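Participant: With the sequence up front, the predicted model follows.
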Amino acid sequence: MSEVIRKSVALLTTIVPTEDQEEWSATEVSRQLDIPIQTVHRLLSSLAEYGFVFQNHETKKFRLGLTLMQLGFSIRDNLSIRNSALPTMEKLMMKTGESVYLTVPEGTEGVIVDCLNKNLLSKEKEIGKRTPLCVGASNQAILSHLSSDMKQQIIQKLVEQGEISDVNTLESELKLITKWKIANSFGEITKGTVTIAAPIFSWEGKVVASISAVFSETNKDHHSKYIMSEVKRAAGIISEELGWLKSS
């Protein structure tokens, strides 16, 4: 990777907004990345020309520009999986009254590409969220149905990254998920919640995503069985939309 691209990517990653800070000065970025301030100014100015970075003319500080959001949404909107899943996700949310998520695999992670819930602020924070494929029902529903070789490669990488401490326990859980085509987890990603997820398959019979419903732990005793049934049914409908045959 060229040095300019590497520094630009590092810069964009550095000025991602947080709860404590939305804008960054060139000096702060320079200190954070240990890059000369002249270089930081030059890169920020170039990125601002194309809308990747925006400078607040009052504070003179920088934040991520709308071009990045537009590119992100264009990728999300053109995902055939998302387009096929959206109507079924809406029905699932209406039936259960709970938040519904669509997760796709990328490398060793699961990425939320869509989320339907009543909390719009929460939705904006959730889309694009990445978590290791070994964590949570939405990710394990995917990991469990990958090819044996791919699954082992990912597990090995996650072990090396320190994400998995007990491989045997994980593999036992994945076998059960493979058998029943349904996964559940309790507070693994978000405390106080239950997640129920099912894998989505392509016309080739390969797992390409998962659909999940997330609800409060206080409802788990009388709510889980119904949601489990509806999530599994929704996953089957989306898979059939993608050309999957149950016999495949």
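Facilitator: Looks like it came in fine.
Participant: hang on, Trp197 in a strand?
Facilitator: Wrong residue type there; residue 197 is Ala, not Trp. Yes: judged by DSSP: H, G, I helix; E, B strand; the rest coil, Ala197 forms part of a strand.
Participant: I'd assumed Met228 was in contact with it.
Facilitator: No: between Ala197 and Met228 there is no contact, the gap being 9.8 Å when judged by Cβ atoms under 8 Å. Where you see a C-beta, it was placed from the backbone N, CA and C, and this is true even at glycine.
Participant: so what sits against both of those two?
Facilitator: Here Ala197 and Met228 have Ile182, Asn184 as joint contacts, going by Cβ atoms under 8 Å, 6 or more residues apart in numbering.
Participant: okay, these two: which has more neighbours?
Facilitator: The residue with more neighbours, out of Ala197 and Met228, is Ala197; 30 against 18, by other Cβ atoms under 10 Å.
Participant: Now do the contacts for the residue lying farthest from the centre of the chain.
Facilitator: The C-alpha centroid of the chain is most remote from Gln38, which lies 35.5 Å away (Cα atoms, centre = their mean). Applying Cβ under 8 Å, 6+ apart to Gln38 gives no contacts.
Participant: what do you get for Tyr226?
Facilitator: Thr96.
Participant: now do Gly51
Facilitator: In this structure, Gly51 makes contact with Gly65, Leu66, Thr67, judged by Cβ under 8 Å, 6+ apart.
Participant: give the contact list for the residue nearest the centre of the chain.
Facilitator: In the chain, the residue lying closest to the centroid (Cα atoms, centre = their mean) is Val111, at 2.1 Å. Residues near Val111 by Cβ under 8 Å, 6+ apart: Thr103, Val104, Pro105, Gly128, Lys129, Arg130.
Participant: Can you give me the distance of the last one to Glu173?
Facilitator: What it means is Arg130. 21 Å (Cβ to Cβ, to the nearest Å).
Participant: Between those two, point out the one with more neighbours.
Facilitator: When Arg130 and Glu173 are compared for neighbours, Glu173 comes out ahead with 18 against 14, by other Cβ under 10 Å.
Participant: okay but the more buried one is in contact with Leu143, surely?
Facilitator: No: using Cβ under 8 Å, Glu173 is not in contact with Leu143, being 9.7 Å away.
Participant: Next secondary structure after the lowest-mean-pLDDT helix or strand in the chain?
Facilitator: The least trusted helix or strand in the chain, going by mean pLDDT, DSSP states H and E, turns out to be helix 120-126, with a mean of 61. Remark: after helix 120-126, the chain's next helix or strand is strand 130-132, criterion DSSP states H and E.
Participant: Partner strands of that following strand, with direction?
Facilitator: Strand pairing for strand 130-132, using DSSP bridges, gives strand 109-116 (antiparallel).
Participant: about what we covered before: heading C-terminal from the strand or helix carrying the residue farthest from the centre of the chain, find the next helix or strand.
Facilitator: For Gln38, the enclosing helix or strand under DSSP H and E is helix 37-49. Per DSSP H and E, helix 37-49 leads on to strand 53-55 as the next helix or strand towards the C-terminus.
Participant: what's next to that next one, contact-wise?
Facilitator: Here strand 53-55 makes contact (Cβ under 8 Å, 6+ apart) with Leu12, Ile15, Leu44, Leu47, Ala48, Lys61, Phe62, Arg63, Leu64, Gly65, Leu66.
Participant: Which residue ranges of this protein form helices?
Facilitator: Using DSSP state H, the helices found in the chain span residues 3-14, 26-33, 37-49, 66-77, 80-96, 120-126, 137-143, 148-160, 167-180, 220-241.
Participant: Any regions of the protein where pLDDT drops low?
Facilitator: Counting by pLDDT under 70, the chain has low-confidence residues at 1, 73-78, 118-125, 219-222, 247-248.
Participant: Sounds good, over and out.
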